[in-house]
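[1] show me how the following folds:
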Amino acid sequence: MAFEKGKLKHVSVLPDKLLRSAGQSLRQEYDRLFDERFIAYFVVVVAFWLVCIVAWVQKFAGLTPGPSFWTLLSLCVTAYGGFQAFRLRPQLRHLRFGEAGERRFAEALDRIRAKGFAVFHNVPANGFNIGYVVVGFSGVYAIETKTRHGADTIHYQNDNELLLGGKINDSPALRQARGSAYAIHAQLKEHLHEAYWVKPVLVFVGSRRVRQPAGDYSVDVITADGLENYLDRQKPELTSIAVTDICSHLERSAQS
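    Residues are numbered from 1 along each chain as shown. The predicted structure is shown next:
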C-alpha cells in the first residue's frame, strides 16, 4: 500500500522547547569539569608562582626573606597540579568527542525530518527514558545511540554478541535497544489498543564501521551516517491515521 509522504508533515511533533540541543548534556559536563577542577588546579599553580616571584623580587631588592622554601613549594604544587590536569584530559577529550558525535547524529535526524519523519527525544517509559523514537509511514523505530572512539569495525555476530574491534563485547547495548522497543510497543498497545511493531535500532556515532552477516536479526545495528539510507530502504506499513495517533500519544507522553 502506498501513501503520500506529504501528509506526514501535518503530524504534530514535540515543540522545540522540549528538545535539548545536540550535545547539550555533554557540553554542560565538560564545562563543569573545566570550571570546577581544571581551572582550580591552574589557579593554585599560578598563586604559588606569584608568591615565588615576590620572594625573588624581595631577595634582589636586598630584603631578608629568602625564596628557596617558596621555590621548592611551588615546584611541588606545580607537579601536583600538572598531574591532576593530566588526569582530567581523557575525561575532557571523551566529552568533546561525545558532544561532536551527538551533533553529527543531530544532523542525520535533521535529514530524516526533512523527509517527513517525526522524531521524539527522551521518551519516558517505565521509569527510564528512551533515546529517540522515530515515526514514519515505514513504521516506529526505537533508537539507542552509542558513541565510540576509534575507527575499528563493529562485528555484529548474532543477537547477543556485538564486538568492537574484535575485542570488546558490547552485548548490553543490544539488550538495551530491544528493551526500549518493547517498552514503546507495550505503551502504544496500552494507550492506543493496537499492537504496533516497534523496530529496535542501535546507532553507533563515530568513525567505526558496522559489519553484519546476512540474516534476520532482532536489532538493526547501523552508523549515524547510514541512518538516512536505512530508513529509505524500509517499506511503508502504517496509514496516515496510525502515524497521527502514534505521534499524538508520544507527544502527550513527553509533555506529561
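[2] what's near enough to touch residue 226?
    Going by CB atoms under 8 Å, 6 or more residues apart in numbering, residue 226 touches residue 210. All C-beta atoms are positioned from the backbone trio N, CA, C, and that covers glycine.
[3] with the one 3 residues further on instead?
    Residues touching residue 229, when contacts are defined by CB under 8 Å, 6+ apart, are absent altogether.
[4] local confidence estimate at it?
    On pLDDT, residue 229 comes in at 91.
[5] can you list the weak-confidence ranges in the stretch 151-256 of the chain?
    Scanning the stretch 151-256 of the chain for pLDDT under 70 picks out the ranges 151-152, 157-158, 163, 165-170, 207-208, 213-215, 256.
[6] which stretches of it form helices?
    With DSSP state H, counting those that start in this stretch as the criterion, the stretch 151-256 of the chain has helices at 171-192, 227-233, 240-255.
[7] of the ones you listed, which approaches residue 53 most closely?
    Residue 53 sits nearest to helix 171-192 of all the helices of the stretch 151-256 of the chain, at 53.0 Å, using CB to CB.
[8] what packs against that closest one?
    Judged by 3 or more CB pairs under 8 Å, 6 or more residues apart in numbering; DSSP states H and E, the packing partners of helix 171-192 are strand 118-125, strand 128-136, strand 139-147, strand 161-164, strand 198-205, helix 240-255.
[9] dump these to CSV, plus mean neighbour count and distance to residue 104.
    Formatted as CSV, these follow (neighbours: other CB atoms under 10 Å; distance: least, CB to CB, whole Å):
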stretch, mean neighbour count, distance to residue 104
strand 118-125, 19, 15
strand 128-136, 21, 14
strand 139-147, 22, 9
strand 161-164, 18, 18
strand 198-205, 24, 6
helix 240-255, 18, 23
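[10] on that earlier part again, format the helices of the stretch 151-256 of the chain as TSV; extra columns: distance to residue 87.
    Below are the helices of the stretch 151-256 of the chain laid out as TSV (distance: least, CB to CB, whole Å):
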stretch	distance to residue 87
helix 171-192	27
helix 227-233	35
helix 240-255	38
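[11] low-scoring stretches of the stretch 1-150 of the chain, by residue?
    For the stretch 1-150 of the chain, the stretches flagged by pLDDT under 70 are 1-37, 63-67, 69-70, 93-101, 148-150.
[12] hmm, residue 210 and residue 154 touching each other?
    Yes. At 4.8 Å, residue 154 counts as touching residue 210 under the criterion of CB atoms under 8 Å.
[13] quick check: neighbours shared by these two?
    With CB under 8 Å, 6+ apart as the test, residue 154 and residue 210 both reach 204, 221.
[14] which of the helices and strands packed on helix 171-192 sits closest to residue 47?
    Proximity to residue 47, assessed across the helices and strands packed on helix 171-192 by CB to CB, is greatest for strand 139-147 (37.0 Å).
[15] which elements pack onto that closest one?
    If contacts are counted by 3+ CB pairs under 8 Å, 6+ apart, strand 139-147 sits against helix 68-114, strand 128-136, helix 171-192, strand 198-205.
[16] other SSEs contacting the longest one?
    Packed against helix 68-114, as judged by 3+ CB pairs under 8 Å, 6+ apart, are the following elements: helix 24-33, helix 39-60, strand 118-125, strand 128-136, strand 139-147, strand 198-205, helix 227-233.
[17] any chance of these in CSV, plus distance to residue 161?
    CSV is the format used below for the helices and strands packed on helix 68-114 (distance: least, CB to CB, whole Å):
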stretch, distance to residue 161
helix 24-33, 28
helix 39-60, 42
strand 118-125, 26
strand 128-136, 22
strand 139-147, 15
strand 198-205, 13
helix 227-233, 21
